[in-house]
Structures are given as structure tokens and as C-alpha cells.
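Enquirer: Here is a sequence together with a model predicted from it:
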Amino acid sequence: MREFWRALKRLGSLNHPPASVPNMVRDESESLQHGPDPAPVRKRWLECWSRLAERKVDDSRFDQQMHEWVQNRLLEKAEPTEEEMASIPSEQLDDARSLNNPITIAEVEASDTVSRLQEGKAVGCDGICIPAELLTQ
């Protein structure tokens with residue numbers, strides 16, 4: 001199947017170059033900002049992405065009922081019941097506990113995960129909503 005798609009891409013010239021971070025962005029006043037230095041553009045993208053996750057109760061689009069429902073669902077899923085805990089072998093619990101440790105900067109720097117991210121791809125369902133272009137440049 002994979003070979004089929006490769007052949008199709010060769011025939012149809014579907015090999016698009018990876019997308020780069022745009023060199024223009026709108027600031028808070030909706031003015032178009034651009035220039036040779038990509039740092040301000042990246043900073044603005046980071047600000048915009050960060051605001052998406054903010055909880056703004058005074059925003060007319062904020063749905064408090066939905067927020068509480070999601071929060072309760074997350075809390076329900078976060079803590080397993082005593083029965084569930086008793087049914088898990090202790091070795092498995094020890095392994096799971098080690099996975100709950102915070103990720104350190106040293107672990108990220110030691111891995112080549114960020115450098116292997118593909119640009120021009122949609123963000124995944126893993127909760128990371130930052131495009132690869134912003135992490136790799």
C-alpha cells in the first residue's frame with residue numbers, strides 16, 4: 001500500500017516542500033507585521049496558541065457548563081478505583097509510576113524526537129497543539 005502512494009506522488013508531483021513558519025503575522029491591533037527576523041513572528045504565534053487554552057469566564061463564548069463537564073470527566077478518569085488498582089500486578093504499577101515522573105529538559109535534549117518531527121503535518125491528538133515548525137526552528 002505504501003509503495004502505491006509513493007508511486008502516485010511521483011506521478012502527480014505531490015511531493016510538496018515542507019511548509020515554513022510564515023514571515024508575516026497580524027499583531028494585537030490587526031496590523032500586518034513582517035520582516036527578515038523570524039523571532040517576532042514566532043513570539044506572536046506562541047502568544048496566539050497560548051491564548052487558545054486560556055479559561056476566560058467573562059468571554060461570552062465561554063461555556064461554563066461544558067468546562068465543568070470536561071473537568072469532571074477528566075477527574076473521573078484520573079483516579080482508578082481501589083478495585084482497579086487491586087487487579088493490576090505490582091510490577092506493572094511500578095512501571096506506570098515511573099512514567100508519571102515529569103519530563104526533564106535533559107531527557108528532551110538527549111532525545112532526537114524534536115529534530116525528527118515532520119514539518120507541514122497536522123498536529124496530533126496527543127494534546128500537543130504546537131506545529132512542528134515552531135519547535136524545530
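Expert: It's in.

Enquirer: How many residues are close by Ala132?
Expert: Applying other C-beta atoms under 10 Å, we find 19 other residues in the vicinity of Ala132. C-beta: built from backbone N, CA, C; applies to glycine.

Enquirer: The closest residue to it other than its chain neighbours: how many residues sit nearby?
Expert: The shortest distance from Ala132 to any non-neighbouring residue, by C-beta to C-beta, 6 or more residues apart in numbering, is to Leu117 (3.8 Å). Leu117: 14 surrounding residues under other C-beta under 10 Å.

Enquirer: quick one: Leu117 and Pro131 touch, right?
Expert: No: in this structure, Leu117 is not within contact of Pro131 by C-beta atoms under 8 Å, at 9.1 Å.

Enquirer: Could you pull out the strands in this protein for me?
Expert: Using DSSP state E, the strands of the chain run over residues 24-26, 32-34.

Enquirer: quick one: which of these is nearest Leu46?
Expert: strand 24-26 (10.7 Å; C-beta to C-beta).

Enquirer: Kindly spell out which helices and strands sit in contact with the closest one.
Expert: Counting by 3 or more C-beta pairs under 8 Å, 6 or more residues apart in numbering; DSSP states H and E, the packing neighbours recorded for strand 24-26 are strand 32-34, helix 39-52.
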